[in-house]
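Visitor: sequence first, then the predicted structure:
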Amino acid sequence: MMDTLQNMRVFARVVEAGSFTQAAQQMGLTTAHVSRAVADLERHLRTRLMNRTTRRIALTEAGERYLLRCQQIMSYVDEAEAEASAAYVKPSGRLRIHAMTSFGQRYVIPSISGYHKRYPDVAVELTLAQRIPDMLEEGYDVSLVLARELPDSGLIYRQLGSTFSMLCASPAYLDKYGAPQQPADLLNHACLQLVSPISPLDEWILEGPEGGTVVAVKSNFQVNVAEAMLTAIREGMGIGVLPIYSAVDALRAGTIVRVLPQHRLQNMGVYALYPSRQYLDAKISTWVDWMHETVDRTLQEDHQALERLGSLREEMQGLATRSGPQA
C-alpha cells in the first residue's frame, strides 16, 4: 500500500534539492527509491508532476499546484506532531477530573489551586459525584476514588493514601440519650446512614479492640453526601458515619463528638485512576504526582489532628475522674 504522505515528502524534497540524487542523499534513501516514490505518486494522481532530464527537473503546472498543497499539509502534520509530543513534555490543555464529592471538596479543590500556580497552561474541569465513573465512556483523564479494593477494570491506578470513617453524634443527642459503650448499644439509638458506593446500606462493620463487629442498621434517615450527614448529626438527629475529612473540623470545634472512639469503619484506600501508563500526557502525570504529594500530606495532617483530639479527650476524662466529688 502506497504511503502517500511519505511520497509527498519525497516529492517536495526532490523539488527543493533540484535532483533525485541529492534528495536521496539528504533523506538517506537510494536514488531508485526516490524515483519510484515520485512515480507512484504520479500514478496515484494520474497526473504528471514534473518533467525530468538527465540534467534537471521542471515542475508541470499541476506539479506546482500540488507542491503548494504538499507543503501546507506537511506543515500541518509537523505542527500536529510537535503539539502531541509537547503534550508528553509540557503540561497544557484541558484536564478532566472526577472526584467523590466530599473528598473533592476537602482535598481536590485546594490541590487544584496549588497545581494552577505551578502549571498555569492547564485548564481543569472538575466533576464531583458519588460514584466510580466509566472513564473511557465519559472522557475523564483522572478519577479520584475511595475504595476498600478496586475492581478489575484495566485502568492504571496509583494509591495516594488511606483513610477511614467514624461514628459521631452531637453533644445534645448524647446528653439526652446517653453514649453507647459498645457496638451492640447502637441498636438502641437512632442511626443515620451515609449512602455511598463503598458501604452496605443495612449494616455497619466496626473494627475495634475486639476485632470486627457487624451491627445491623435500621435507619430512618439516609443521605449520600457527608456534608449533609454532618448537618444532620449537628442537629441531634442521631448517630451517623462520617469520614475523617468531613468530621475533623467539627470535632475540633466541639459541635460533634466521636462515638465509640476505639472503633472505626470503612478503612479505604485513596486512588487516582487513569487510562494508560504509556506515553502519558504531561498534564495527567504531573496532576497525579501533585495529588500524591498534597493529598497524602493533608490526609496525614487530618489523622494527626484526630489523634490529638483523642488524646485531649482522654486527658479531660482523666482530670474529671481524679477531681471527682469531694467529701
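Guide: Yes, it's here. Numbers count the residues shown, from 1 in each chain.
Visitor: tell me the contacts of residue 262?
Guide: 208-209 (Cβ atoms under 8 Å, 6 or more residues apart in numbering). Any C-beta I mention is one placed from the backbone N, CA and C, and that applies to glycine too.
Visitor: host element of it?
Guide: Assigned by DSSP states H and E, residue 262 falls within no helix or strand.
Visitor: list phi and psi for it.
Guide: Note on residue 262: backbone dihedrals following degrees, to the nearest 10 are phi -90, psi 0.
Visitor: can you pull the pLDDT of it?
Guide: Here, the pLDDT recorded for residue 262 equals 91.
Visitor: start at 38 instead
Guide: Renumbered: residue one is now 38, and that last one reads residue 299.
Visitor: how about the strands in the protein?
Guide: Applying DSSP state E to the chain gives strands spanning 87-89, 94-96, 130-136, 159-165, 179-184, 193-206, 228-231, 240-245, 248-253, 258-260, 276-280, 294-296, 301-311.
Visitor: per the record, what domains does this structure have?
Guide: 41-126, 141-358 (automatic domain parsing).
Visitor: tell me how far residue 261 lies from residue 110.
Guide: 52 Å (Cβ to Cβ, to the nearest Å).
Visitor: which parts of stretch 131-150 are buried?
Guide: Buried residues in stretch 131-150, defined by neighbour count with 16 or more other Cβ atoms under 10 Å: 132-145, 148-149.
Visitor: quick one on the thing from earlier: most tightly surrounded among the domains of the chain?
Guide: domain 141-358 (a mean of 16; mean count of other Cβ atoms under 10 Å).
Visitor: hang on, the earlier thing: now tabulate the strands of the chain in a markdown table and tack on distance to residue 50.
Guide: Formatted as a markdown table, the strands of the chain follow (distance: least, Cβ to Cβ, whole Å):
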| stretch | distance to residue 50 |
| --- | --- |
| strand 87-89 | 13 |
| strand 94-96 | 12 |
| strand 130-136 | 33 |
| strand 159-165 | 38 |
| strand 179-184 | 42 |
| strand 193-206 | 41 |
| strand 228-231 | 67 |
| strand 240-245 | 70 |
| strand 248-253 | 72 |
| strand 258-260 | 68 |
| strand 276-280 | 63 |
| strand 294-296 | 74 |
| strand 301-311 | 40 |
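Visitor: who's in contact with residue 229?
Guide: Listed by Cβ under 8 Å, 6+ apart, the contact set of residue 229 reads 256, 258-260, 266, 269-270, 274-278.
Visitor: try it again with 7 Å
Guide: 256, 258, 266, 269-270, 274-277 (Cβ atoms under 7 Å, 6 or more residues apart in numbering).
Visitor: can I get those residues in TSV including pLDDT?
Guide: Formatted as TSV, those follow (pLDDT from 0 to 100):
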residue	pLDDT
256	86
258	92
266	94
269	96
270	96
274	96
275	96
276	96
277	95
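Visitor: look up how far residue 93 lies from residue 53.
Guide: 14 Å.
Visitor: distance of the closest residue to residue 53 other than its chain neighbours from residue 89?
Guide: Nearest in space to residue 53, with sequence neighbours left out and distances taken as Cβ to Cβ, 6 or more residues apart in numbering, is residue 60 at 7.5 Å. According to Cβ to Cβ, residue 60 and residue 89 sit 12 Å apart.
Visitor: quickly list what's touching both of these two.
Guide: With the criterion set as Cβ under 7 Å, 6+ apart, the contacts of residue 60 and residue 89 do not overlap.
Visitor: quick one: low-confidence parts of the stretch 38-187 of the chain?
Guide: Applying pLDDT under 70 to the stretch 38-187 of the chain flags the ranges 38-39, 91, 119-126.
Visitor: ok, now the stretch 238-364 of the chain?
Guide: Scanning the stretch 238-364 of the chain for pLDDT under 70 picks out 238, 314-316, 348-364.
Visitor: between the two ends of stretch 205-216, how far is it?
Guide: 10 Å (Cα to Cα, to the nearest Å).
Visitor: how far does it sit from the chain's center?
Guide: Centroid separation for stretch 205-216 versus its chain: 38 Å, with Cα atoms, centre = their mean, to the nearest Å.
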